[in-house]
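Colleague: after the sequence you'll find the predicted model.
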Amino acid sequence: MRRRALLSLLLAAVLGVCGSAISGCAGTTAGGAGESGGGSAAGGGGGAGSSGAEEAAERAEEATQKREEATEIAKNREVLAEIEAGKKEQTAEARAKHREHLAEANVRRREASSVAQAKKREEESQRAAKKREAAAKAPTSGSGSSGGKPSGSGGKARAPSERTVTSPVSEPQG
């Protein structure tokens, strides 16, 4: 969209230059024809040779104008290409920055998630340790046997050998 606007602007500038150059040529040819007309009236038949020279000069001038316009158009195209390249570079940089910010946000989010998961695991392990301690204290109080199942473990049974090894129960004599 912007490229079309720039090209139309460039075209308008070129047409403006061409229009002024053409009107300038018309003024020189009119003045030249007036001078040659005066000379041909005074000289008799010598006007035919001078009009051919004037036409050749006109053609040479038009050719140089066309070359100048072509070089100007080429320069304008180069400037346009440089502007477009700069814009492309800016958009690429902006995209790269955006991607970088997104990546940083993702890293922060992942870190926060992993910290939360680690905290949750730690809390769960502390709760499990407290349950184990409570279960270890319960048989030592002498309240009786629980049938080999740990109390309050939520269905997670331990091997009975661990319990008997870690907490020996002595029978009170009496």
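Modeller: Received, thanks.
Colleague: could you use CA atoms for every contact and neighbour count after this?
Modeller: Will do.
Colleague: for this protein, what spans make up the helices?
Modeller: Assigned by DSSP state H, the helices in the chain fall at 2-43, 47-140, 160-166.
Colleague: using TSV, lay out these together with mean pLDDT.
Modeller: Formatted as TSV, the helices of the chain follow (pLDDT from 0 to 100):
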stretch	mean pLDDT
helix 2-43	58
helix 47-140	93
helix 160-166	51
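Colleague: would you format those helices as TSV with mean neighbour count included?
Modeller: Shown next, in TSV, are those (neighbours: other CA atoms under 10 Å):
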stretch	mean neighbour count
helix 2-43	13
helix 47-140	13
helix 160-166	11
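Colleague: roughly how far apart are residue 100 and residue 113?
Modeller: Computed as CA to CA, to the nearest Å, the residue 100 to residue 113 distance reads 20 Å.
Colleague: and if you look at residue 54?
Modeller: From residue 54 over to residue 113 the distance is 87 Å, taken as CA to CA.
Colleague: could you do residue 88 as well?
Modeller: From residue 88 across to residue 113, the span is 37 Å (CA to CA).
Colleague: one more: residue 136?
Modeller: Residue 136 is 34 Å from residue 113, by CA to CA.
Colleague: ditto for residue 8
Modeller: Look at residue 8 and residue 113: by CA to CA, they are 55 Å apart.
Colleague: same question for residue 101.
Modeller: Distance from residue 101 to residue 113, counting by CA to CA: 18 Å.
Colleague: over to residue 68?
Modeller: Going from residue 68 to residue 113 by CA to CA gives 67 Å.
Colleague: need the contact partners of stretch 105-118.
Modeller: Applying CA atoms under 8 Å, 6 or more residues apart in numbering, stretch 105-118 has no contact partners.
Colleague: check stretch 4-14 too.
Modeller: Under CA under 8 Å, 6+ apart, the answer for stretch 4-14 is 69, 73, 76, 80.
Colleague: likewise for stretch 90-101?
Modeller: Outside stretch 90-101, no residue is within contact range by CA under 8 Å, 6+ apart.
Colleague: can I get the CA coordinates of it in PDB?
Modeller: This file holds the C-alpha atoms of stretch 90-101, laid out as PDB (Å, rounded to 0.1, in the frame of the first residue of the first chain):
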ATOM      1  CA  GLN A  90      12.900  -2.300  11.100                       C
ATOM      2  CA  THR A  91      10.000  -4.700  11.000                       C
ATOM      3  CA  ALA A  92      12.400  -7.700  11.300                       C
ATOM      4  CA  GLU A  93      14.000  -6.100  14.300                       C
ATOM      5  CA  ALA A  94      10.600  -5.400  15.900                       C
ATOM      6  CA  ARG A  95       9.600  -9.000  15.300                       C
ATOM      7  CA  ALA A  96      12.800 -10.300  16.800                       C
ATOM      8  CA  LYS A  97      12.300  -8.100  19.900                       C
ATOM      9  CA  HIS A  98       8.700  -9.400  20.200                       C
ATOM     10  CA  ARG A  99       9.800 -13.000  19.900                       C
ATOM     11  CA  GLU A 100      12.500 -12.300  22.500                       C
ATOM     12  CA  HIS A 101      10.000 -10.800  24.900                       C
END
